[in-house]
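Asker: fold the stuff below for me.
(one chain, ligands or ions: 1)
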Amino acid sequence: MSMGHYSEQRPGFEVTKDWNGGDQVVIRSPRGASVLVSLHGGQVVSWRNERGEELLFTSSKLWVYIQAIFKPPKAMRGGIPICFPQFGNCGTLEQHGFARNRIWTVDDEAPPLNHNDNNGKASVDLLLKPSEDDLKCWPHCFEFRLRVSLSMDGDLSLVSRVRNVNGKPFSFSFAYHTYLSVSDISEVRIEGLETLDYLDNLSQRERFTEQGDAITFESEVDRVYVGSPSVIAVLDHEKKRTFIVRKEGLPDVVVWNPWDKKSKTMADFGDEEYKQMLCVDAAAVERAITLKPGEEWTGKLELSAVASTNCSDHLDYPCS
Ligand code: BG6
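Answerer: Numbering: from 1, shown residues only. Presented below is the predicted three-dimensional model:
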């Protein structure tokens, strides 16, 4: 996506226009890492390290997204769509909820996060409130605040705060639907989910227990690992790069790769693109989160991309 002609400087970030006149926010670290967040969906659509390498996958079939903007809006395939107020497809709500298909605003008055969450980071705060139409299909008044931050080292963090501003309790499920960019899916493994139970979306969410060592890929995978540790690692053998995924308030991890057959059924995804991506989502799916009136929930994701030789230094500390 190219940067547009318009830009507005604010502390820590810059608001620019995308090719379609939509607002997007660019955050840069002093060492040259960057994050691009679209106000369409509050979706992170790019995360680059200080060498300018893209770390998130986005589909090259961008034209399908462009067409969709002028019809029912649809989230771009890639980056980190926010799945809220549901993950998956049940009831009358659209698949993965409506948050990824709404226009968010920049929130200049976001209440502060605790000190550690701000430490040396450039960030932007976004806000989503339900429209009249949203309230018709999901009749719960909420405020969803999303802080996207980039640390000095180029780590990306997302902090979601959902507040019930309703008179009644409500429940939701949630996922940071994170499309990691990988060199070749058959060279990738996930560590940290072995021996956990998972719900298999390919078998009507039947429950199984993971048997193997690390998780590797040789066919379609669509699973919700439940009650996972707060730090997991995604190792890209060919790139010699490891993604460290840290999470808080999000007990589950969704792992998804559509593989070859399903890829061919997805209009906004190339037939071979499944080889270059892996979705590893910090999520709350098995048990819905319930908020009483006035209560707030926080869910954090922190992503680091490190050289595989150094990754053991990063595996033993939680979200900052
Ligand atoms: C995954 C789901 O997380 O998202 C899959 O588990 C789904 O079942 C995939 O196909 C993509 O969903 P969407 O709505 O973005 O095409």
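Asker: which helix or which strand is home to the residue nearest to residue 172 when sequence neighbours are not counted?
Answerer: Excluding the flanking residues, the one nearest residue 172 by CB to CB, 6 or more residues apart in numbering is residue 85, at 3.7 Å. Just so you know, the C-beta spots here come from the backbone N, C-alpha and C atoms, and that holds for glycine as well. Under the criterion DSSP states H and E, no helix or strand holds residue 85.
Asker: what about residue 85, how many residues close to it?
Answerer: Residues lying near residue 85 (other CB atoms under 10 Å) number 24.
Asker: same question, residue 221
Answerer: 22.
Asker: from the ligand, how far off is it?
Answerer: Applying CB to the nearest ligand atom, to the nearest Å, the value for residue 221 to the ligand is 9 Å.
Asker: for residue 234, same thing?
Answerer: 15 Å.
Asker: related to what we said a few turns ago, just checking, the residue nearest to residue 172 touches residue 96?
Answerer: No. Between residue 85 and residue 96 there is no contact under CB atoms under 8 Å: 9.8 Å.
Asker: helices of the stretch 51-200 of the chain, start to end?
Answerer: For the stretch 51-200 of the chain, the helices defined by DSSP state H, counting those that start in this stretch occupy 62-70, 115-118, 132-137.
Asker: lowest average confidence across these, which one?
Answerer: Per-stretch mean pLDDT for the helices of the stretch 51-200 of the chain is lowest at helix 115-118 (a mean of 56).
Asker: thinking again about what came up before, give the contact list for the residue nearest to residue 172.
Answerer: Taking CB atoms under 8 Å, 6 or more residues apart in numbering as the criterion, residue 85 is in contact with 93, 97-99, 138, 140, 142, 170, 172-174.
Asker: nearest residue to the closest residue to the ligand within the stretch 1-150 of the chain in space, please, no chain neighbours.
Answerer: The minimum distance from the stretch 1-150 of the chain to the ligand, using CB to the nearest ligand atom, falls at residue 95 (4.3 Å). Nearest residue to residue 95 in three dimensions, chain neighbours excluded: residue 89, at 4.3 Å (CB to CB, 6+ apart).
Asker: and the one you found, how many neighbours does it have?
Answerer: 11.
Asker: distance of it from residue 224?
Answerer: 13 Å (CB to CB, to the nearest Å).
Asker: can you check residue 48 too?
Answerer: 29 Å.
Asker: so which of those two has more stuff around it?
Answerer: The residue with more neighbours, out of residue 48 and residue 224, is residue 224; 25 against 21, by other CB under 10 Å.
Asker: now the more buried one: closest residue in space that isn't a chain neighbour?
Answerer: residue 199 (4.4 Å).
Asker: residues in contact with that neighbour?
Answerer: Going by CB under 8 Å, 6+ apart, residue 199 touches 205-207, 223-224, 226, 285-286.
Asker: pull out the buried residues from the longest strand seen in the chain.
Answerer: Criterion DSSP state E: the longest strand present in the chain is strand 277-291. For strand 277-291, a neighbour-count test (16 or more other CB atoms under 10 Å) marks 277-286, 289, 291 as buried.
Asker: the residues you listed into TSV, with extra columns for pLDDT and distance to the ligand?
Answerer: Putting the buried residues of strand 277-291 into TSV (pLDDT from 0 to 100; distance: CB to the nearest ligand atom, whole Å) gives the following:
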residue	pLDDT	distance to the ligand
277	98	11
278	98	11
279	98	6
280	98	10
281	98	6
282	98	12
283	98	9
284	98	13
285	97	9
286	96	13
289	98	18
291	98	23
